[in-house]
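[1] Fold the following for me, if possible:
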Amino acid sequence: MSGSDKTMNKKPLLELEHISMKFGGLMAINDLSFNAYEGEITALIGPNGAGKTTVFNCITGFYKPTMGMIRLNHDDGKVFQLEQMPDFKITAHAKVARTFQNIRLFSGLTVLENLLVAQHNRLMKASGFTILGLMGIGGYKKEASEAIERARFWLEKADLIDRADDPAGDLPYGAQRRLEIARAMCTGPKLLCLDEPAAGLNPKESLALNELLRSIRKDTGTSILLIEHDMSVVMEISDHVVVLEYGQKISDGTPDHVKNDPKVIAAYLGVDDEEEAAKIAGGNA
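    Residues are numbered from 1 along each chain as shown. Modelled structure (predicted):
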């Protein structure tokens with residue numbers, strides 16, 4: 001059963017409809033449509049240059065697609081047309097959080113402070129944007145206490161609570177990756193977009209990452225959309241996989257469906273003949 005069959009009766013959280021992105025004469029994404037569902041982990045995979053990061057940039061407002069629509073449906077009935085929104089409103093109002101291929105922590109701040117920075121907008125709103133709020137008049141004091149508790153909650157989840165007062169730049173690479181995810185979760189996202197979170201991780205670090213992502217899905221219901229080259233991570237934790245090649249979707253379904261799809265095997269192994277790829281799939285089944 002394909003992922004689309006499995007989820008056909010569910011309402012999607014994220015809907016991409018006929019998205020195209022053109023840079024000059026280069027068509028980076030060509031008529032792409034897929035859905036991501038609430039409470040699921042959806043992996044976006046494909047060979048280098050397939051257009052995966054461009055898709056992320058369109059979803060999070062860094063790029064405006066040349067054509068097509070991107071909808072985010074909240075469970076309270078609100079619908080956000082992401083292709084029409086600036087990036088900061090996608091984060092603040094549509095509740096989409098993102099990490100990048102390159103780690104972007106505040107290395108000179110402590111681990112805890114990095115998670116408090118992520119809650120800056122909430123804290124400033126509680127202060128009334130005045131010095132009176134910062135002095136403890138109004139709701140700022142309560143919000144500040146809750147922000148610290150929220151940060152500590154996610155440090156516990158990421159197995160980083162013992163490093164809370166250490167500079168973020170002193171953490172091992174894998175721990176920095178988990179800190180980025182914890183920081184993103186402090187914003188309370190409906191959709192968490194992770195760009196190659198397992199890149200550069202050793203097997204032990206990959207296992208810790210998998211545990212964190214499963215915990216996010218199970219305990220918060222937050223939907224996750226990830227780009228990943230590590231197929232062991234993709235096949236281990238994903239509910240749904242979308243495969244791109246040269247900016248076009250070539251497969252869409254469950255991990256089992258995708259890994260046995262001749263088109264996917266041909267794309268990854270460089271096999272030109274899909275009949276030959278089908279033989280390989282048959283051998284892997």
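[2] How much space separates residue 244 from residue 250?
    As judged by CB to CB, to the nearest Å, residue 244 and residue 250 stand 7 Å apart. In this view, the C-beta of every residue, glycine as well, is placed from N, C-alpha and C.
[3] overlap in contacts of these two?
    Shared contacts of residue 244 and residue 250 (CB atoms under 8 Å, 6 or more residues apart in numbering): residue 46.
[4] If you count surrounding residues, which of those two has more?
    Comparing residue 244 with residue 250 by other CB atoms under 10 Å, the one with more neighbours is residue 244, at 26 against 18.
[5] A strand includes that one, no?
    Yes. Counting by DSSP: H, G, I helix; E, B strand; the rest coil, one finds residue 244 located in a strand.
[6] residues touching it, list them.
    Contacts were defined as CB under 8 Å, 6+ apart; by that measure residue 244 touches 32, 44-46, 50-52, 55, 250.
[7] Just the ones of those residues in helices?
    When those are checked against helices (DSSP state H), the matches are 52, 55.
[8] Make JSON lines out of the contacts of residue 244 and add distance to residue 115 and pLDDT.
    Supplementary listing: those in JSON lines, determined by distance: CB to CB, whole Å; pLDDT from 0 to 100:
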{"residue": "32", "distance to residue 115": "34", "pLDDT": "98"}
{"residue": "44", "distance to residue 115": "26", "pLDDT": "97"}
{"residue": "45", "distance to residue 115": "29", "pLDDT": "95"}
{"residue": "46", "distance to residue 115": "32", "pLDDT": "92"}
{"residue": "50", "distance to residue 115": "33", "pLDDT": "93"}
{"residue": "51", "distance to residue 115": "32", "pLDDT": "95"}
{"residue": "52", "distance to residue 115": "27", "pLDDT": "95"}
{"residue": "55", "distance to residue 115": "28", "pLDDT": "97"}
{"residue": "250", "distance to residue 115": "39", "pLDDT": "96"}
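[9] helix or strand right after the helix or strand hosting residue 141?
    With secondary structure defined by DSSP states H and E, residue 141 is part of helix 140-157. Proceeding C-terminally, helix 140-157 gives way to helix 173-185 as the next helix or strand, assigned by DSSP H and E.
[10] what angle do that following helix and helix 140-157 make?
    With axes from the mean of the first three to the mean of the last three CA atoms, to 10 degrees as the criterion, the two stretches helix 173-185 and helix 140-157 enclose an angle of 140 degrees.
[11] Contacts for helix 173-185, please.
    Helix 173-185 is contacted from outside by 97-99, 103-105, 111, 114-115, 117-118, 154-155, 157-160, 163, 168, 171, 192, 194, 197-198, 200-202, 204-205, 208-209, 212-213, 216, 220, 222, using CB under 8 Å, 6+ apart.
[12] Give me the buried subset of those residues.
    Judged by neighbour count, with 16 or more other CB atoms under 10 Å as the criterion, the buried members of the contacts of helix 173-185 are 97-99, 103, 105, 111, 114-115, 118, 154-155, 157-158, 160, 163, 168, 171, 192, 194, 197-198, 201, 205, 208-209, 212-213, 216, 222.
[13] Tell me which entries of the residues you listed lie within helices.
    Checked against DSSP H, those include these in helices: 111, 114-115, 154-155, 157, 205, 208-209, 212-213, 216.
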